[in-house]
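Visitor: make a model of this:
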Amino acid sequence: MHLCFLNPQGNFDPADSHLTEHPDFGGQLVYVKELSMALTRLGHRVDIVTRLIDDPAWPEFSAPIEHYPGYEERLRIVRLGCGGDAFLNKEKLWEHMPALIAELVKFYADGRPDIATAHYGDGGYCGALLQHGTGLPFTFTGHSLGAQKLDKLGMNSDNAAAMDEHFRFSTRIAAERLSMLRAINIITSTQQEREQQYAHPLYEGAVDVADSKFRVIPPGVNTEIFSTAPAELDAAVTARLRAMDGDGEPYLIVSSRLDEKKNIIGLVRAYATDRELQRAARLGLFVRGVSDPFASLEGLPEQEVFVLEPILETIAAAGVRGRVDFFDIRSQRELAATYRAFAQRGSVFALTAFYEPFGLAPIEAAACGLAVVATANGGPSEIFADGSGVLVDPTDPQAIARGLREALQRAGHYAALGIERVRSTYTWDKTAEGYAAVLAESVSNPPAACGPVPDLDARVRLLDYLASRWPGARQP
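Guide: Residues are numbered from 1 along each chain as shown. I've put the predicted structure just below:
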(Lines give C-alpha, C1' and ligand atoms only; values in the text may rest on other atoms or scores of the structure.)
Protein backbone atom coordinates (compact mmCIF):
# COMPACT_ATOMS: atom_id res chain seq x y z
CA MET A 1 0.00 0.00 0.00
CA HIS A 2 0.96 3.64 -0.49
CA LEU A 3 0.20 5.43 2.81
CA CYS A 4 -0.01 9.14 3.60
CA PHE A 5 0.58 10.33 7.18
CA LEU A 6 -1.01 13.74 7.81
CA ASN A 7 0.90 15.53 10.58
CA PRO A 8 0.98 19.32 10.00
CA GLN A 9 2.35 20.43 13.38
CA GLY A 10 5.92 20.17 14.57
CA ASN A 11 8.05 18.83 11.77
CA PHE A 12 10.33 15.97 10.84
CA ASP A 13 13.92 15.84 9.63
CA PRO A 14 16.62 13.18 9.36
CA ALA A 15 18.50 14.54 12.40
CA ASP A 16 15.39 14.61 14.65
CA SER A 17 16.07 18.28 15.36
CA HIS A 18 14.09 19.69 18.31
CA LEU A 19 12.37 16.33 18.86
CA THR A 20 10.57 16.30 22.26
CA GLU A 21 12.18 19.60 23.34
CA HIS A 22 9.31 21.80 22.11
CA PRO A 23 5.55 21.41 22.83
CA ASP A 24 4.90 20.98 19.09
CA PHE A 25 7.62 18.33 18.74
CA GLY A 26 6.38 15.85 21.33
CA GLY A 27 5.81 12.13 21.48
CA GLN A 28 3.41 12.02 18.55
CA LEU A 29 6.30 12.86 16.19
CA VAL A 30 8.29 9.92 17.54
CA TYR A 31 5.17 7.81 17.06
CA VAL A 32 4.70 8.85 13.43
CA LYS A 33 8.39 8.46 12.54
CA GLU A 34 8.83 5.02 14.12
CA LEU A 35 5.52 3.68 12.83
CA SER A 36 6.31 4.91 9.31
CA MET A 37 9.67 3.17 9.36
CA ALA A 38 8.15 -0.06 10.65
CA LEU A 39 5.47 0.02 7.93
CA THR A 40 8.14 0.37 5.25
CA ARG A 41 9.85 -2.72 6.68
CA LEU A 42 6.59 -4.54 5.96
CA GLY A 43 6.90 -3.44 2.32
CA HIS A 44 4.61 -0.39 2.26
CA ARG A 45 5.41 3.07 0.87
CA VAL A 46 4.92 5.99 3.25
CA ASP A 47 4.78 9.78 2.91
CA ILE A 48 4.90 11.89 6.09
CA VAL A 49 3.14 15.11 5.07
CA THR A 50 3.90 18.23 7.06
CA ARG A 51 4.47 21.95 6.62
CA LEU A 52 7.44 23.52 4.84
CA ILE A 53 9.22 26.19 6.89
CA ASP A 54 11.68 28.57 5.26
CA ASP A 55 12.76 30.36 8.42
CA PRO A 56 16.42 31.07 9.37
CA ALA A 57 15.61 30.07 12.95
CA TRP A 58 14.40 26.65 11.74
CA PRO A 59 16.76 25.74 8.87
CA GLU A 60 16.12 22.00 9.15
CA PHE A 61 12.65 22.17 7.60
CA SER A 62 13.10 24.04 4.32
CA ALA A 63 13.62 21.18 1.83
CA PRO A 64 10.42 20.04 0.03
CA ILE A 65 11.48 16.36 0.16
CA GLU A 66 13.83 14.56 2.55
CA HIS A 67 14.53 10.99 3.62
CA TYR A 68 15.67 9.22 6.77
CA PRO A 69 19.00 7.43 6.31
CA GLY A 70 18.41 3.86 5.17
CA TYR A 71 14.80 4.54 4.16
CA GLU A 72 15.38 6.47 0.93
CA GLU A 73 13.42 4.06 -1.26
CA ARG A 74 10.08 3.81 0.56
CA LEU A 75 9.75 6.69 3.05
CA ARG A 76 9.54 10.41 2.24
CA ILE A 77 9.19 13.51 4.40
CA VAL A 78 6.96 15.73 2.22
CA ARG A 79 6.87 19.42 3.17
CA LEU A 80 4.29 21.69 1.58
CA GLY A 81 4.09 25.46 1.85
CA CYS A 82 1.17 27.22 3.51
CA GLY A 83 0.76 30.16 5.87
CA GLY A 84 3.97 31.91 4.89
CA ASP A 85 7.58 30.96 5.54
CA ALA A 86 7.92 31.40 9.31
CA PHE A 87 7.51 28.72 11.93
CA LEU A 88 4.01 28.85 13.45
CA ASN A 89 2.94 27.27 16.71
CA LYS A 90 0.24 24.64 16.32
CA GLU A 91 -2.46 26.99 17.64
CA LYS A 92 -1.86 29.28 14.65
CA LEU A 93 -2.02 26.62 11.95
CA TRP A 94 -5.76 26.02 11.73
CA GLU A 95 -6.68 28.62 9.11
CA HIS A 96 -3.84 27.44 6.84
CA MET A 97 -4.86 23.78 6.62
CA PRO A 98 -7.12 24.17 3.54
CA ALA A 99 -4.13 25.66 1.68
CA LEU A 100 -1.94 22.76 2.81
CA ILE A 101 -4.40 20.22 1.44
CA ALA A 102 -4.77 22.16 -1.81
CA GLU A 103 -1.00 21.82 -2.24
CA LEU A 104 -1.19 18.13 -1.35
CA VAL A 105 -3.81 17.47 -4.01
CA LYS A 106 -1.45 19.08 -6.56
CA PHE A 107 1.44 17.00 -5.25
CA TYR A 108 -0.50 13.78 -5.85
CA ALA A 109 -1.82 14.83 -9.25
CA ASP A 110 -0.08 11.88 -10.93
CA GLY A 111 -1.28 9.26 -8.48
CA ARG A 112 -2.74 9.49 -5.01
CA PRO A 113 -2.05 7.16 -2.04
CA ASP A 114 -4.35 4.29 -1.12
CA ILE A 115 -5.30 5.79 2.24
CA ALA A 116 -4.34 8.54 4.69
CA THR A 117 -3.81 8.26 8.42
CA ALA A 118 -4.31 11.54 10.30
CA HIS A 119 -2.58 12.47 13.54
CA TYR A 120 -3.70 14.98 16.16
CA GLY A 121 -6.67 17.29 15.60
CA ASP A 122 -5.10 19.35 12.83
CA GLY A 123 -4.15 16.19 10.96
CA GLY A 124 -7.72 14.96 11.34
CA TYR A 125 -9.04 18.22 9.93
CA CYS A 126 -6.69 17.76 6.97
CA GLY A 127 -7.98 14.21 6.57
CA ALA A 128 -11.55 15.46 6.32
CA LEU A 129 -10.56 18.13 3.79
CA LEU A 130 -8.65 15.61 1.69
CA GLN A 131 -11.49 13.11 1.87
CA HIS A 132 -14.00 15.67 0.64
CA GLY A 133 -11.72 16.84 -2.17
CA THR A 134 -10.58 13.44 -3.43
CA GLY A 135 -12.64 10.71 -1.78
CA LEU A 136 -9.51 9.34 -0.07
CA PRO A 137 -10.45 7.55 3.19
CA PHE A 138 -8.53 8.28 6.38
CA THR A 139 -8.05 6.91 9.86
CA PHE A 140 -7.73 9.22 12.87
CA THR A 141 -5.22 8.93 15.74
CA GLY A 142 -5.86 11.76 18.19
CA HIS A 143 -2.92 11.06 20.56
CA SER A 144 -4.36 13.51 23.10
CA LEU A 145 -7.63 15.40 22.86
CA GLY A 146 -8.45 19.02 23.56
CA ALA A 147 -11.28 18.32 25.99
CA GLN A 148 -8.96 16.64 28.47
CA LYS A 149 -6.42 19.46 28.22
CA LEU A 150 -9.21 21.99 28.73
CA ASP A 151 -10.29 20.23 31.93
CA LYS A 152 -6.75 19.78 33.27
CA LEU A 153 -5.98 23.48 32.77
CA GLY A 154 -9.11 24.42 34.70
CA MET A 155 -10.96 26.23 31.94
CA ASN A 156 -14.22 27.68 33.22
CA SER A 157 -16.78 30.29 32.26
CA ASP A 158 -14.69 33.09 33.76
CA ASN A 159 -11.41 32.35 32.00
CA ALA A 160 -12.83 30.79 28.83
CA ALA A 161 -12.33 33.76 26.55
CA ALA A 162 -8.64 34.20 27.40
CA MET A 163 -7.86 30.49 27.30
CA ASP A 164 -9.74 29.99 24.06
CA GLU A 165 -7.82 32.83 22.44
CA HIS A 166 -4.50 31.26 23.46
CA PHE A 167 -5.18 27.54 22.99
CA ARG A 168 -7.90 27.72 20.32
CA PHE A 169 -9.97 25.10 22.16
CA SER A 170 -13.16 25.88 20.22
CA THR A 171 -11.41 25.27 16.92
CA ARG A 172 -9.49 22.24 18.14
CA ILE A 173 -12.53 20.49 19.56
CA ALA A 174 -14.55 21.21 16.43
CA ALA A 175 -11.72 19.70 14.35
CA GLU A 176 -11.59 16.64 16.60
CA ARG A 177 -15.35 16.15 16.35
CA LEU A 178 -15.14 16.42 12.56
CA SER A 179 -12.27 13.91 12.53
CA MET A 180 -14.24 11.43 14.61
CA LEU A 181 -17.29 11.75 12.38
CA ARG A 182 -15.46 11.42 9.05
CA ALA A 183 -12.70 8.90 9.87
CA ILE A 184 -13.23 5.37 8.66
CA ASN A 185 -11.44 4.12 11.78
CA ILE A 186 -10.26 5.71 15.04
CA ILE A 187 -7.03 4.29 16.43
CA THR A 188 -6.25 4.57 20.14
CA SER A 189 -3.22 3.39 22.11
CA THR A 190 -5.19 1.87 24.98
CA GLN A 191 -8.69 0.77 25.79
CA GLN A 192 -8.74 3.39 28.54
CA GLU A 193 -8.02 6.15 26.01
CA ARG A 194 -10.99 4.99 23.98
CA GLU A 195 -13.36 4.72 26.92
CA GLN A 196 -12.33 7.87 28.79
CA GLN A 197 -11.04 10.46 26.32
CA TYR A 198 -13.58 9.87 23.57
CA ALA A 199 -16.48 9.64 26.04
CA HIS A 200 -16.02 13.27 27.07
CA PRO A 201 -19.28 15.30 26.84
CA LEU A 202 -17.73 17.65 24.29
CA TYR A 203 -17.57 14.78 21.78
CA GLU A 204 -21.14 13.63 22.31
CA GLY A 205 -22.88 13.16 18.99
CA ALA A 206 -19.60 12.93 17.09
CA VAL A 207 -18.54 9.51 18.32
CA ASP A 208 -19.79 6.56 20.35
CA VAL A 209 -17.09 4.68 22.28
CA ALA A 210 -18.96 1.44 21.51
CA ASP A 211 -18.65 2.10 17.76
CA SER A 212 -16.94 -0.64 15.79
CA LYS A 213 -14.77 1.95 14.04
CA PHE A 214 -12.42 2.00 17.06
CA ARG A 215 -9.21 -0.03 16.99
CA VAL A 216 -6.80 -0.29 19.93
CA ILE A 217 -3.19 -0.55 18.69
CA PRO A 218 -0.45 0.14 21.27
CA PRO A 219 2.67 2.06 20.21
CA GLY A 220 6.08 0.50 20.66
CA VAL A 221 9.72 1.28 21.28
CA ASN A 222 12.63 1.28 18.87
CA THR A 223 14.34 -1.85 20.14
CA GLU A 224 17.41 -1.15 18.00
CA ILE A 225 18.06 1.80 20.32
CA PHE A 226 16.16 1.10 23.54
CA SER A 227 17.27 -2.29 24.82
CA THR A 228 19.61 -3.86 27.35
CA ALA A 229 22.16 -4.69 24.63
CA PRO A 230 25.42 -2.69 24.99
CA ALA A 231 26.01 0.02 22.40
CA GLU A 232 28.84 2.27 21.25
CA LEU A 233 28.08 5.14 23.65
CA ASP A 234 27.73 3.03 26.78
CA ALA A 235 31.37 3.11 27.95
CA ALA A 236 31.65 6.90 27.64
CA VAL A 237 28.35 7.49 29.40
CA THR A 238 29.24 5.11 32.24
CA ALA A 239 32.62 6.79 32.69
CA ARG A 240 30.99 10.22 32.80
CA LEU A 241 28.59 9.06 35.52
CA ARG A 242 31.44 7.59 37.57
CA ALA A 243 33.24 10.92 37.37
CA MET A 244 30.14 12.65 38.76
CA ASP A 245 29.38 10.08 41.43
CA GLY A 246 32.12 7.62 42.31
CA ASP A 247 29.90 5.72 44.74
CA GLY A 248 27.68 4.28 42.01
CA GLU A 249 24.44 5.13 43.82
CA PRO A 250 21.03 4.44 42.29
CA TYR A 251 19.09 7.35 40.85
CA LEU A 252 15.49 8.40 40.49
CA ILE A 253 15.38 9.45 36.83
CA VAL A 254 13.04 12.12 35.42
CA SER A 255 13.36 12.74 31.67
CA SER A 256 10.00 14.33 30.90
CA ARG A 257 9.69 17.49 28.84
CA LEU A 258 9.47 20.65 30.96
CA ASP A 259 5.70 20.96 30.79
CA GLU A 260 3.32 21.64 33.68
CA LYS A 261 1.15 18.64 32.84
CA LYS A 262 4.14 16.32 33.35
CA ASN A 263 4.03 17.24 37.07
CA ILE A 264 7.76 17.06 37.62
CA ILE A 265 7.28 19.38 40.59
CA GLY A 266 5.10 16.72 42.26
CA LEU A 267 7.91 14.19 42.14
CA VAL A 268 10.49 16.73 43.28
CA ARG A 269 8.31 17.64 46.27
CA ALA A 270 7.97 13.95 47.13
CA TYR A 271 11.76 13.58 47.09
CA ALA A 272 12.37 16.84 48.95
CA THR A 273 10.14 15.81 51.87
CA ASP A 274 11.20 12.15 52.23
CA ARG A 275 14.52 11.57 54.03
CA GLU A 276 14.43 7.84 53.34
CA LEU A 277 14.28 8.48 49.60
CA GLN A 278 17.11 10.99 49.81
CA ARG A 279 19.31 8.42 51.56
CA ALA A 280 18.37 5.62 49.16
CA ALA A 281 18.95 7.40 45.83
CA ARG A 282 20.04 10.56 44.10
CA LEU A 283 17.64 12.51 41.90
CA GLY A 284 18.52 12.93 38.22
CA LEU A 285 16.64 15.50 36.14
CA PHE A 286 17.11 15.57 32.38
CA VAL A 287 16.94 19.16 31.10
CA ARG A 288 17.84 19.53 27.46
CA GLY A 289 19.80 22.66 26.65
CA VAL A 290 21.50 23.43 29.99
CA SER A 291 23.93 21.41 32.10
CA ASP A 292 23.43 23.30 35.38
CA PRO A 293 20.13 25.20 35.70
CA PHE A 294 21.23 26.61 39.06
CA ALA A 295 24.05 28.42 37.27
CA SER A 296 22.08 29.65 34.25
CA LEU A 297 18.74 29.19 32.49
CA GLU A 298 19.91 31.05 29.42
CA GLY A 299 18.70 29.47 26.21
CA LEU A 300 15.62 27.79 27.65
CA PRO A 301 12.21 28.91 26.33
CA GLU A 302 10.19 31.10 28.68
CA GLN A 303 7.57 28.39 29.20
CA GLU A 304 10.24 25.90 30.32
CA VAL A 305 11.80 28.44 32.67
CA PHE A 306 8.34 28.94 34.20
CA VAL A 307 8.15 25.18 34.93
CA LEU A 308 11.75 24.80 36.07
CA GLU A 309 12.05 27.72 38.49
CA PRO A 310 9.73 26.30 41.20
CA ILE A 311 11.52 22.96 40.85
CA LEU A 312 14.85 24.64 41.58
CA GLU A 313 13.32 26.59 44.45
CA THR A 314 11.94 23.39 45.99
CA ILE A 315 15.32 21.65 45.74
CA ALA A 316 17.12 24.61 47.31
CA ALA A 317 14.58 25.11 50.10
CA ALA A 318 14.78 21.43 51.10
CA GLY A 319 18.57 21.55 51.26
CA VAL A 320 18.96 18.63 48.83
CA ARG A 321 20.85 20.38 46.06
CA GLY A 322 23.86 18.14 46.73
CA ARG A 323 21.69 15.06 46.02
CA VAL A 324 20.34 16.31 42.68
CA ASP A 325 22.12 16.13 39.33
CA PHE A 326 21.13 17.50 35.93
CA PHE A 327 21.75 15.83 32.57
CA ASP A 328 21.70 17.45 29.14
CA ILE A 329 20.92 14.50 26.84
CA ARG A 330 20.97 15.34 23.14
CA SER A 331 19.93 12.18 21.27
CA GLN A 332 17.89 9.01 21.63
CA ARG A 333 21.03 6.87 21.51
CA GLU A 334 22.62 8.88 24.30
CA LEU A 335 19.38 8.63 26.26
CA ALA A 336 19.29 4.84 25.89
CA ALA A 337 22.95 4.55 26.92
CA THR A 338 22.25 6.69 29.98
CA TYR A 339 19.25 4.55 30.90
CA ARG A 340 21.41 1.41 30.69
CA ALA A 341 24.11 2.96 32.85
CA PHE A 342 21.57 3.90 35.50
CA ALA A 343 19.92 0.48 35.28
CA GLN A 344 23.23 -1.10 36.30
CA ARG A 345 22.90 0.83 39.57
CA GLY A 346 19.36 -0.39 40.31
CA SER A 347 17.84 2.97 39.39
CA VAL A 348 14.19 3.91 38.81
CA PHE A 349 12.54 5.86 36.00
CA ALA A 350 9.61 8.04 37.11
CA LEU A 351 6.78 9.68 35.16
CA THR A 352 4.24 11.36 37.45
CA ALA A 353 2.21 13.30 34.86
CA PHE A 354 -1.28 14.37 35.85
CA TYR A 355 -2.50 12.44 32.81
CA GLU A 356 -0.52 10.53 30.19
CA PRO A 357 -2.45 9.42 27.08
CA PHE A 358 -0.12 6.47 26.52
CA GLY A 359 3.35 6.54 28.04
CA LEU A 360 6.07 5.88 25.47
CA ALA A 361 8.87 7.18 27.70
CA PRO A 362 8.28 4.61 30.49
CA ILE A 363 8.42 1.65 28.12
CA GLU A 364 11.59 3.02 26.51
CA ALA A 365 13.13 3.15 29.99
CA ALA A 366 11.82 -0.32 30.84
CA ALA A 367 13.32 -1.71 27.63
CA CYS A 368 16.74 -0.53 28.86
CA GLY A 369 16.36 -2.29 32.22
CA LEU A 370 15.07 0.46 34.49
CA ALA A 371 12.34 -0.18 37.04
CA VAL A 372 9.38 2.12 36.34
CA VAL A 373 7.12 4.26 38.52
CA ALA A 374 4.33 5.86 36.48
CA THR A 375 1.12 7.82 36.84
CA ALA A 376 -2.04 5.80 37.35
CA ASN A 377 -3.93 8.33 35.20
CA GLY A 378 -4.00 7.26 31.58
CA GLY A 379 -2.15 4.74 29.47
CA PRO A 380 0.44 3.57 32.02
CA SER A 381 -2.32 2.02 34.11
CA GLU A 382 -2.97 -0.33 31.18
CA ILE A 383 0.65 -0.85 30.20
CA PHE A 384 1.70 -1.86 33.70
CA ALA A 385 -1.57 -3.51 34.74
CA ASP A 386 0.31 -6.82 34.94
CA GLY A 387 2.45 -5.52 37.82
CA SER A 388 5.55 -4.86 35.70
CA GLY A 389 5.69 -1.28 37.02
CA VAL A 390 4.54 0.71 40.05
CA LEU A 391 1.51 2.95 39.52
CA VAL A 392 0.98 6.05 41.69
CA ASP A 393 -1.52 8.86 42.22
CA PRO A 394 0.26 11.93 40.73
CA THR A 395 -1.69 14.34 42.93
CA ASP A 396 -0.39 12.79 46.18
CA PRO A 397 3.32 13.40 46.98
CA GLN A 398 3.21 10.76 49.72
CA ALA A 399 1.86 8.17 47.28
CA ILE A 400 4.62 9.11 44.82
CA ALA A 401 7.24 8.67 47.56
CA ARG A 402 5.83 5.26 48.56
CA GLY A 403 5.91 4.11 44.95
CA LEU A 404 9.50 5.28 44.48
CA ARG A 405 10.62 3.48 47.65
CA GLU A 406 8.88 0.28 46.53
CA ALA A 407 10.53 0.40 43.11
CA LEU A 408 13.99 1.07 44.56
CA GLN A 409 13.69 -1.78 47.03
CA ARG A 410 12.69 -4.25 44.28
CA ALA A 411 14.41 -2.66 41.29
CA GLY A 412 15.69 -5.95 39.87
CA HIS A 413 12.25 -7.53 40.08
CA TYR A 414 10.50 -4.67 38.27
CA ALA A 415 13.30 -4.34 35.72
CA ALA A 416 13.00 -7.99 34.68
CA LEU A 417 9.22 -7.77 34.38
CA GLY A 418 9.44 -4.52 32.42
CA ILE A 419 11.89 -5.93 29.88
CA GLU A 420 9.63 -8.90 29.20
CA ARG A 421 6.55 -6.69 29.00
CA VAL A 422 8.10 -4.55 26.27
CA ARG A 423 9.46 -7.46 24.24
CA SER A 424 6.15 -9.30 24.25
CA THR A 425 3.79 -6.38 23.57
CA TYR A 426 5.32 -2.99 22.82
CA THR A 427 7.50 -2.95 19.70
CA TRP A 428 6.98 -0.82 16.60
CA ASP A 429 6.91 -3.89 14.37
CA LYS A 430 3.87 -5.14 16.29
CA THR A 431 2.30 -1.69 16.05
CA ALA A 432 2.90 -1.61 12.29
CA GLU A 433 1.30 -5.03 11.84
CA GLY A 434 -1.82 -3.76 13.62
CA TYR A 435 -1.94 -0.56 11.56
CA ALA A 436 -1.38 -2.38 8.28
CA ALA A 437 -4.30 -4.70 8.98
CA VAL A 438 -6.64 -1.80 9.79
CA LEU A 439 -5.53 0.27 6.80
CA ALA A 440 -5.91 -2.68 4.40
CA GLU A 441 -9.42 -3.29 5.73
CA SER A 442 -10.26 0.40 5.31
CA VAL A 443 -9.01 0.46 1.72
CA SER A 444 -11.24 -2.53 0.95
CA ASN A 445 -14.30 -0.85 2.47
CA PRO A 446 -14.13 2.87 1.63
CA PRO A 447 -16.77 5.16 3.15
CA ALA A 448 -19.61 6.78 1.26
CA ALA A 449 -19.02 10.27 -0.11
CA CYS A 450 -19.04 13.00 2.54
CA GLY A 451 -20.43 16.50 2.17
CA PRO A 452 -18.47 19.76 2.42
CA VAL A 453 -16.30 20.32 5.47
CA PRO A 454 -18.02 22.81 7.79
CA ASP A 455 -16.34 25.79 9.42
CA LEU A 456 -14.56 24.97 12.66
CA ASP A 457 -16.79 26.77 15.12
CA ALA A 458 -17.63 24.95 18.34
CA ARG A 459 -17.79 27.97 20.62
CA VAL A 460 -21.47 27.63 21.50
CA ARG A 461 -21.04 23.95 22.35
CA LEU A 462 -17.97 24.74 24.44
CA LEU A 463 -19.71 27.47 26.44
CA ASP A 464 -22.70 25.20 27.05
CA TYR A 465 -20.35 22.58 28.48
CA LEU A 466 -18.62 25.10 30.75
CA ALA A 467 -21.95 26.39 32.01
CA SER A 468 -23.04 22.83 32.83
CA ARG A 469 -19.90 22.35 34.96
CA TRP A 470 -20.33 25.62 36.85
CA PRO A 471 -24.06 26.44 36.91
CA GLY A 472 -24.64 30.15 37.37
CA ALA A 473 -21.10 31.11 36.45
CA ARG A 474 -20.67 34.28 34.47
CA GLN A 475 -20.50 33.73 30.71
CA PRO A 476 -17.71 35.51 28.85
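Visitor: show the contacting residues for residue 336.
Guide: Contact analysis of residue 336 by C-beta atoms under 8 Å, 6 or more residues apart in numbering lists 225, 226, 227, 231, 364, 368. In this view, the C-beta of every residue, glycine as well, is placed from N, C-alpha and C.
Visitor: let's see that with 10 Å instead.
Guide: Applying C-beta atoms under 10 Å, 6 or more residues apart in numbering, we find residue 336 in contact with 221-222, 224-229, 231, 233-234, 237, 329, 364-365, 367-368.
Visitor: kindly report the same for residue 116.
Guide: The contact partners of residue 116, by C-beta under 10 Å, 6+ apart, come to 3-6, 47, 49, 104, 123, 126-127, 130-131, 134, 136-140, 183-184, 439, 442.
Visitor: repeat the analysis, applying 8 Å as the threshold.
Guide: 3, 4, 5, 6, 127, 130, 131, 136, 137, 138, 139.
Visitor: equivalent analysis for residue 58, please.
Guide: Applying C-beta under 8 Å, 6+ apart, the residues contacting residue 58 are 11, 87.
Visitor: quick one: pLDDT of it?
Guide: Residue 58 carries a pLDDT value of 90.
Visitor: what of the one 5 residues further on?
Guide: Confidence per residue is given as pLDDT, and for residue 63 that number is 95.
Visitor: mind listing the residues bridging to the nearest residue to it once chain neighbours are set aside?
Guide: Leaving aside its chain neighbours, residue 63 sits nearest to residue 79 (6.8 Å; criterion: C-beta to C-beta, 6 or more residues apart in numbering). On the basis of DSSP bridges, residue 79 is bridged to residue 50.
Visitor: please identify which of the contacts of residue 116 is nearest to residue 241.
Guide: residue 5 (37.6 Å; C-beta to C-beta).
Visitor: which SS state does the closest residue in space to that closest one that isn't next to it in sequence fall under?
Guide: The shortest distance from residue 5 to any non-neighbouring residue, by C-beta to C-beta, 6+ apart, is to residue 48 (4.7 Å). Three-state call for residue 48 (DSSP: H, G, I helix; E, B strand; the rest coil): strand.
Visitor: tell me who's in contact with residue 48.
Guide: Contacts of residue 48 (C-beta under 8 Å, 6+ apart): 5, 7, 12, 32, 33, 36, 75, 76, 77, 78.
Visitor: helices - which of these land there?
Guide: 32, 33, 36 (DSSP state H).
Visitor: looking at these, which is nearest residue 94?
Guide: Nearest to residue 94 among those, with distances taken as C-beta to C-beta, is residue 32, at 19.5 Å.
Visitor: what about the closest residue to residue 383 other than its chain neighbours, neighbour count?
Guide: Using C-beta to C-beta, 6+ apart and skipping the chain neighbours, the partner closest in space to residue 383 is residue 359 (5.7 Å). Look at residue 359: counted by other C-beta atoms under 10 Å, it has 28 neighbours.
Visitor: surely residue 359 meets residue 374?
Guide: Yes - assessed by C-beta atoms under 8 Å, residue 359 is found in contact with residue 374 at 6.1 Å.
Visitor: mind putting the contacts of residue 116 into JSON lines with distance to residue 465?
Guide: Putting the contacts of residue 116 into JSON lines (distance: C-beta to C-beta, whole Å) gives the following:
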{"residue": "3", "distance to residue 465": "35"}
{"residue": "4", "distance to residue 465": "33"}
{"residue": "5", "distance to residue 465": "31"}
{"residue": "6", "distance to residue 465": "27"}
{"residue": "127", "distance to residue 465": "25"}
{"residue": "130", "distance to residue 465": "29"}
{"residue": "131", "distance to residue 465": "27"}
{"residue": "136", "distance to residue 465": "32"}
{"residue": "137", "distance to residue 465": "30"}
{"residue": "138", "distance to residue 465": "27"}
{"residue": "139", "distance to residue 465": "27"}
